[in-house]
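**Q** Based on what follows, work out the 3D shape:
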Amino acid sequence: MKYTTKASEKSTVKITLKFDAEEFKAAQTQAYLKTRNKFSVNGFRKGKAPKNVIENVYGKGVFYEDALNILFGDNYGTVIDKCEKKFTVVGDPDVSVEDFSEEGVTLVAVVPVKPEVKISAYKGMKIKEFAYTVKDEEVEEEINRLLDRNARKVPVEGRAAQNGDIANIDFVGSVDGVKFDGGEAEGFDLTLGSGQFIPGFEEQVVGMNVGEKKDVNVTFPENYQAEELKGKAAVFAVTLNALQAKELPELTDEFIKDATGSDSVDAYKAKTTERLQQQADRRANDATENSILEAIAANTEVEIPQAMIDREIDSLMQKFEYQLMYQGLKLADYLDFLKVTEADFRKNYEEQAKKNVTSQLIISQIIKDEAIEATEEEVDAKIAEQAKSVEKDAAEYKKGMDPRQFDYIRNDIIITKLFDFLKANNEMYKD
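**A** Okay, here's the model as predicted:
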């Protein structure tokens with residue numbers, strides 16, 4: 001077998017594999033030995049018919065396809081291994097037959113490879129740095145949510161429904177007098193003013209009395225998930241079965257101790273402020289890193305093969321599917337509700353996938369160019385930090401780690417050092 005490689009368009013490499021007549025003949029013999037049990041020939045037990053007899057009955061080329069698969073399968077990996085310093089394969093090859101004759105066969109594999117990344121600038125730029133400071137209102141919102149979670153529900157009597165009440169309702173929705181999927185429920189608990197239903201629905205339930213029936217007229221938003229309902233006027237026949245109000249506990253030191261374990265209201269507020277600020281700092285750091293990558297991407301030339309984009313879309317789809325699972329939903333049911341195919345839904349992730357892959361390639365290239373590494377001392381320090389957080393001896397903790405954990409720690413250190421380097425070598429500004 002002889003082979004050649006040639007760089008092609010869109011970050012692909014064209015690999016040409018040439019096999020002579022003897023190699024192709026030997027592959028046909030292999031194909032015969034692997035598949036002969038599939039053929040039935042009169043006068044022979046199954047699997048016992050000679051190769052030439054099977055060819056006479058089924059045609060001379062009966063073993064060609066399997067022989068080609070054998071030739072490619074036995075040699076492609078070897079070629080890729082020999083070329084590992086030239087390029088990195090990032091997807092499956094597109095294989096075709098270029099030449100086929102008595103002298104042999106020529107196969108061509110177009111292989112997607114990791115693209116060349118040309119970054120014209122990643123230093124000396126003016127880049128926005130984000131910073132978030134937790135406001136008192138955010139702390140109050142957390143406290144209000146705590147009170148709400150510990151609220152008692154008490155029946156409402158002698159008055160109409162108002163915002164904040166929990167309305168137990170039956171409803172049947174229709175468009176132009178025809179019911180639609182998902183527009184009907186019985187005994188549904190709706191917190192009025194929560195914005196859970198489409199605009200205008202909850203406002204019309206406010207003012208209803210228990211036992212009252214009412215037609216609620218609404219219009220579905222233009223961006224509603226179900227295509228056939230977008231912008232449509234609908235009528236919901238609503239019955240108010242029962243009404244409950246939330247009775248919030250009093251915010252006292254005693255309540256805080258029972259509900260959270262903190263010593264006092266002030267202590268809980270301080271702890272909450274610290275926690276929210278830590279979250280805000282992480283969001284600010286993520287936003288700053290994205291800002292840096294976007295600035296560098298504007299100075300980057302890269303031709304990303306579709307295989308890398310598709311793989312990233314697979315990852316984004318998998319994350320979304322996990323999110324649905326946590327909510328007790330299946331992707332197939334969700335897509336059925338939206339009335340879209342999975343192929344069409346995947347298109348929503350195309351641009352984000354391109355952006356993600358570009359960022360990954362930029363990160364990889366700068367790490368390589370700047371020779372950024374994680375030292376053993378840095379890795380050990382990170383391990384000791386993790387061991388301390390779970391109150392374990394660092395040496396024992398390290399013994400229990402698997403190789404993937406070491407890789408994760410090493411990569412985390414390298415990424416941190418990379419962004420520290422980029423922040424130090426660019427002009428970071430805040431609004």
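
**Q** how about Val53, what does it touch?
**A** Residues in contact with Val53, defined by Cβ atoms under 8 Å, 6 or more residues apart in numbering, are 41, 44. Placement of C-beta: from N, CA and C, glycine included.

**Q** Would it be right to say that it lies in a helix?
**A** Yes. Residue state for Val53 (DSSP: H, G, I helix; E, B strand; the rest coil) corresponds to a helix.

**Q** pLDDT wise, what is it at?
**A** Among the per-residue scores, Val53 holds a pLDDT of 94.

**Q** Count the neighbours of Lys14 for me.
**A** Counted with other Cβ atoms under 10 Å, the neighbours of Lys14 add up to 17.

**Q** That one reaches Val79, doesn't it?
**A** No. Counting by Cβ atoms under 8 Å, Lys14 does not reach Val79; the two are 12.0 Å apart.

**Q** any residues in contact with both of the two?
**A** With Cβ under 8 Å, 6+ apart applied, the overlap between the contact sets of Lys14 and Val79 consists of Thr5.

**Q** which helix is the longest one in the protein?
**A** In terms of residue count, the longest helix belonging to the chain (DSSP state H) is helix 265-297.

**Q** Quick one: list the elements packing against that helix.
**A** Counting contacts by 3 or more Cβ pairs under 8 Å, 6 or more residues apart in numbering; DSSP states H and E, the secondary-structure elements packed against helix 265-297 are strand 126-128, helix 136-149, helix 253-260, helix 350-369, helix 403-424.

**Q** Mean pLDDT, mean neighbour count and distance to Arg36 for those - can I get that in TSV?
**A** Below are the helices and strands packed on helix 265-297 laid out as TSV (pLDDT from 0 to 100; neighbours: other Cβ atoms under 10 Å; distance: least, Cβ to Cβ, whole Å):
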stretch	mean pLDDT	mean neighbour count	distance to Arg36
strand 126-128	97	13	67
helix 136-149	96	13	70
helix 253-260	96	14	74
helix 350-369	97	16	46
helix 403-424	96	14	44
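
**Q** Lys382: which of these is closest?
**A** helix 403-424 (5.0 Å; Cβ to Cβ).

**Q** What lies in contact with the closest one?
**A** Outside of helix 403-424, the residues that reach it under the criterion Cβ under 8 Å, 6+ apart are 122-123, 129, 288-289, 292, 296, 363, 366-367, 370, 372-374, 378-379, 382-383, 386.

**Q** May I see the ChimeraX selection of the buried members of the residues you listed?
**A** Only the buried entries of these go into this ChimeraX selection, using 16 or more other Cβ atoms under 10 Å:
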select :122,129,288,289,292,296,363,366,367,372,374,378,379,382,383,386
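
**Q** In this protein, what helix or strand scores lowest on average pLDDT?
**A** Across the helices and strands of the chain, mean pLDDT, DSSP states H and E gives its lowest value to helix 331-338, namely a mean of 88.

**Q** What is that helix packed up against?
**A** Checked by 3+ Cβ pairs under 8 Å, 6+ apart, helix 331-338 has helix 306-326, helix 342-346 packed alongside it.

**Q** circling back to that earlier point, would you reformat the helices and strands packed on helix 265-297 as TSV and include distance to Lys118?
**A** Compiled in TSV, the helices and strands packed on helix 265-297 are given as follows (distance: least, Cβ to Cβ, whole Å):
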stretch	distance to Lys118
strand 126-128	20
helix 136-149	43
helix 253-260	54
helix 350-369	9
helix 403-424	18
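
**Q** Let me know the angle separating the least confident helix or strand of the chain from helix 306-326.
**A** Counting by axes from the mean of the first three to the mean of the last three Cα atoms, to 10 degrees, helix 331-338 points 90 degrees away from the direction of helix 306-326.

**Q** if I look at Phe72, how far off is Lys382?
**A** When distance is defined by Cβ to Cβ, to the nearest Å, Phe72 is 45 Å away from Lys382.

**Q** Quick check: buried residues in stretch 25-40?
**A** Of the residues in stretch 25-40, those buried under the neighbour-count criterion (16+ other Cβ under 10 Å) are 27-28, 31-32, 36, 39.

**Q** Which of the helices and strands packed on helix 265-297 sits closest to Ser96?
**A** helix 350-369 (26.5 Å).

**Q** Perfect, that will be all.
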